[in-house]
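1. A predicted structure for the sequence below; I have some questions about it.
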Amino acid sequence: MKIFLISFYLTLSFLVSIEAKSQHYIDSSTTYLKGASNIFVSPGDTIYLRAGHKPFLLLENIHGNADSMVVIINYGGKVIINTQNYYGISTQNCTFFKITGEGVNNISYGIDIEKVENGAGIGLSSLSNHFEICNLRIANTLLAGIYAKSDPDTNFSSTRDSFLMEDIYIHHNLLMNIQDEGLYIGNTKYFGQHINYQGHDTLLLPHLLNNVDISFNEIHHTGWDAIQLSSASSNASIHDNKIYDDSYRDYPNQMSGIILGGGTKANCYNNFISGGHGSGILVVSLGGQKIYNNIILNAGKNYFPNNLSMMQYGIYVNDISVEHDSSFYIFNNLIFNPKSDGIRFSSVLSKNNKIANNVIINPGNYWYYDTINTSFKSQDSYIMLTDNTIEIDTFKNIEQLNSASLKFTDTLNHNFTLLSSSPLIDAGSNFGSFSINLDFYHNPRIHGLAVDIGPFEYNSLFQGITDEINIKSLIIYPNPAHEVILIRNLNTTVNDTDINVYGIDGKNIKMLLGKIKHIGNNEISIEITHLKKGYYFIQIDKTNTRFIGKFIVN
């Protein structure tokens, strides 16, 4: 049996409206575009970057609006940036824009920042807001791959009471050989910093983020955390990313595949994290979030491998910024061969926490706890509760040193889908009100009598689906939208298509069932006037193929 994920994107992102708009063609020698100065851009315009080598690109005062983004896209081939500058691309005071490398059909990453010798790949700062970054390759940077934040200063224009960064969508990018963080989104100093301003002790609080989605990125070999999200206090998610070899510089407090940072309330799901030096998922957030369907392999095993006291974990949760009485829900993850504990839980301020349906295999501390002078036992290494006052329920977790009896398809090649004889099938605890309706490959849960344990739901109907198909001829517009979205070029009929829409919490939006109309064989319209503002996922199943993507209601 072989089940594969279709990480397909329906061009659901912020597309230009169907009206005729202006097109601007920019030569490769041009490095600076300033709105209302050397370029006059209106909402809905497209800026075409001609193929070729470019030392860097600075965008300033480029503005779309909520209905019509400004799109910056490669034209005629790849745009290649190799620079000794301190950034590859920088945006300053730009709003409602999209930077994309989708300009040529057979080129996945049409904007290629192949080296930034003295800085970051992309910086999105100086009150830049409402943006999408997709289909870029970023490699060989001295600092982070992507920075997205406007740090507060004594102008007080980007402090928490003055500015909210929102509608941030970063997806389908490839990052390689990044010396610091892969993605650095939001300010890490959630509680602010004190400065002396005009003789007075002044607390500068950084801005918050709302409506953040980080998904379908592939990140290889970062010196620090692969994905860091901080100060994202509402409507945020990190999902469907692939992360390999994070935190190779072994720098303290900068070591994880994904860090849900201070001030963040983000669901984290369907991520694949393998071979990093740091913990798989580090949680220092507000709480009130779900962490589920993640696959975490060999977390921390390369970090001082001969010193078991230098610990890293599959998932680690603590109290740095947690809101009192909030809860963490850790469901259906697979944690395989972590250096220390499978799940280490140190939050005493949170309440009603739940850890269920996880598979934890061979935690390194299983052997370590029996050799040191501690009250902990080997079995504690699977789920380590560091304080006896922690309020938590743990149930239906599989804790073993070896996975052979669990009947995964092919563990050597990291295929952890289930054989029909797996004891994990129908063995989990159902979610009740937690609304986890999809598995790691976006197949429906629950199939059968009960939820399966681990990130995969066994269903023989989904055998043979092809991995990572990306059909870009499908178009959904307008996006964002507030009344109707249209899907074109689907080449389907009402009888062979199953369409479902999910909220960012994974809950199926049943009210839309009567709002879907087929217009011939090539177009579908969905009325969305009943939906609240925010992100939504659409899933279209046609015979043996699945398409998934996202739209925004504004």
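-> Noted; the coordinates are in hand. Residues are numbered from 1 along each chain as shown.

2. Which helix or strand contains Leu486?
-> strand 484-488 (DSSP states H and E).

3. And that strand, what does it pack against?
-> Applying 3 or more CB pairs under 8 Å, 6 or more residues apart in numbering; DSSP states H and E, one finds that strand 484-488 contacts strand 475-477, strand 523-527. C-beta: built from backbone N, CA, C; applies to glycine.

4. can you give me the helices for this structure?
-> Under the criterion DSSP state H, the chain carries helices at the ranges 365-368.

5. buried stuff in the lengthiest strand in it?
-> Determined from DSSP state E, the single longest strand within the chain is strand 70-83. Buried positions in strand 70-83, judged by neighbour count with 16 or more other CB atoms under 10 Å: 70-75, 78-83.

6. in its sheet, what does that strand sit against?
-> Using DSSP bridges, strand 70-83 pairs in its sheet with strand 46-54 (parallel), strand 95-100 (parallel), strand 111-116 (parallel).

7. Ok, which of those comes nearest His130?
-> strand 95-100 (4.5 Å; CB to CB).

8. Run the chain-centre distance for the closest one.
-> 18 Å (CA atoms, centre = their mean, to the nearest Å).

9. Return it as CSV; C-alpha atoms alone will do.
-> Extracted as CSV, the C-alpha positions of strand 95-100 are listed here (Å, rounded to 0.1, in the frame of the first residue of the first chain):
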residue,chain,number,x,y,z
THR,A,95,0.7,46.7,1.6
PHE,A,96,-1.6,44.2,-0.1
PHE,A,97,1.0,42.7,-2.4
LYS,A,98,2.1,39.3,-3.5
ILE,A,99,5.7,38.3,-4.5
THR,A,100,5.6,35.0,-6.5
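
10. list the buried ones in that strand?
-> Neighbour-count burial for strand 95-100 [16+ other CB under 10 Å]: 95-100.

11. Closest one of those to Gly145?
-> Minimum distance to Gly145 across these is 13.5 Å, recorded for Ile99 (CB to CB).

12. and the gap between the closest one and Ser128?
-> Relative to Ser128, Ile99 is positioned 11 Å away (CB to CB, to the nearest Å).

13. any shared contact partners between these two?
-> Jointly contacting Ile99 and Ser128 under the rule CB atoms under 8 Å, 6 or more residues apart in numbering are Thr91.

14. doesn't Glu527 make contact with Val484?
-> Yes. Val484 is in contact with Glu527 according to CB atoms under 8 Å; the separation is 5.4 Å.

15. neighbours around Phe191, how many?
-> Neighbours of Phe191 under the rule other CB atoms under 10 Å: 12.

16. And for Phe345?
-> Phe345: 25 neighbours (other CB under 10 Å).

17. residues contacting it?
-> Counting by CB under 8 Å, 6+ apart, Phe345 has contacts 317, 328, 353, 355, 383-386, 390, 392.

18. Inside strands: which ones of those?
-> Short answer: the contacts of Phe345 in strands (DSSP E) are 317, 328, 353, 355, 383-385, 392.

19. which among these end up buried?
-> 317, 328, 353, 355, 383-385, 392.

20. Present those as TSV; the columns should include distance to Gln289.
-> Below are these laid out as TSV (distance: CB to CB, whole Å):
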residue	distance to Gln289
Val317	10
Phe328	7
Asn353	11
Ile355	13
Ile383	18
Met384	20
Leu385	19
Ile392	15
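
21. Much appreciated, bye for now.
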